[in-house]
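1. Need coordinates for the below:
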Amino acid sequence: MPTAIVIDGAYFLRRFKWSFPELDPSDPAKIAFAVGWMAFWHLHHRMRPKLMERAVAHGQFSPAEDSELYRIFFYDCPPLIKKLHRPVSRTAIDLSKTPEARFRFAVHDELQRVRKVALRLGRLNDDSEWRIRPASTKRLLTSEGAVLTDEDFEIDTKQKGVDMKLGLDVAAMAFKRQVNQIVLVAGDADFVPATKLARREGIDVVLDPMGGTPAKDLLQHVDGVRTCRMMKEPTA
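-> Residues are numbered from 1 along each chain as shown. Coordinates of the predicted model:
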């Protein structure tokens, strides 16, 4: 039976530069390429780096057509599209037109074009408000006469439905015996119930923390850790 690659999208984007130092993290096409490359690497991690690079150069880099790959699941949330007023200047801002929102929409669009990638979207909490950045709080406490500007604030957002969708997909794959291995790209303890269920059903669960420090609870409920890192962009 094949392997499923299960990716926490927010975590993947946060750790992208560590795992793919040669790729542009602001290019949605490179993000989509990296998702496919990560799947390819985990399916063929025993292959020596030179042979892997040669496979890419000769057009053999096609994880979607690999019989060992079941599917790549990418879990994320659409960006907020509400209109707010900045906390200090009180000027209006349309969050749907910010560079961050446009980037996230572009990433989702690229991923939906990639064969065997299933994009699973949750949502962000609708009651999101401004909060002061931790670094700004520290500056206020340590610097006499410090004042706040709009740049000292960020939107306080929380994902809704991502861990539930991931858990349902893992449960379906486990109970239907669709895969014998799941590679989880994440670091949050919220995914512990999903990994525990998969292991109880006999699935080999491998964690890829992308060089980060995953929650201890998560480490306790996987069968091993294997980290993908591309040190050089392959030349196709």
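2. what's downstream of the least confident helix or strand in the chain by mean pLDDT, the next helix or strand?
-> Least confident helix or strand, the chain: helix 49-57 with a mean of 54, by mean pLDDT, DSSP states H and E. Heading C-terminal from helix 49-57, the first helix or strand you meet, by DSSP states H and E, is strand 69-76.
3. Tell me which helix or strand Ile81 sits in.
-> Going by DSSP H and E, Ile81 is not part of any helix or strand.
4. Going forward, the N-terminal residue is numbered 40.
-> That works, and once the first residue is 40, the last one we named lands at Ile120.
5. Distance check, it against Gly48.
-> Distance of Ile120 to Gly48, computed by Cβ to Cβ, to the nearest Å: 18 Å. Heads up, the C-betas are built off the backbone N, CA and C, glycines and all.
6. Return the residues in contact with Glu171.
-> One thing to correct before we go on: residue 171 is Ile, not Glu. For Ile171, the contact set (Cβ atoms under 8 Å, 6 or more residues apart in numbering) comprises 187, 191-192.
7. related to what we said a few turns ago, tell me which of Ile120 and Gly48 has more neighbours.
-> Gly48 (26 against 13; other Cβ atoms under 10 Å).
8. Tally up the residues packed near the closest residue to that one other than its chain neighbours, please.
-> For Gly48, ignoring the flanking residues on the chain, the nearest one in space by Cβ to Cβ, 6 or more residues apart in numbering is Asp115 at 3.1 Å. Per other Cβ under 10 Å, the neighbour tally for Asp115 reads 22.
9. In this structure, what residue spans correspond to strands?
-> Ranges of strands in the chain, per DSSP state E, are 42-47, 108-115, 122-124, 131-133, 156-160, 162-163, 168-171, 192-195, 198-199, 220-224, 243-247, 263-264.
10. Which one of these has the poorest average confidence?
-> Looking at the strands of the chain, the lowest mean pLDDT belongs to strand 198-199 (a mean of 75).
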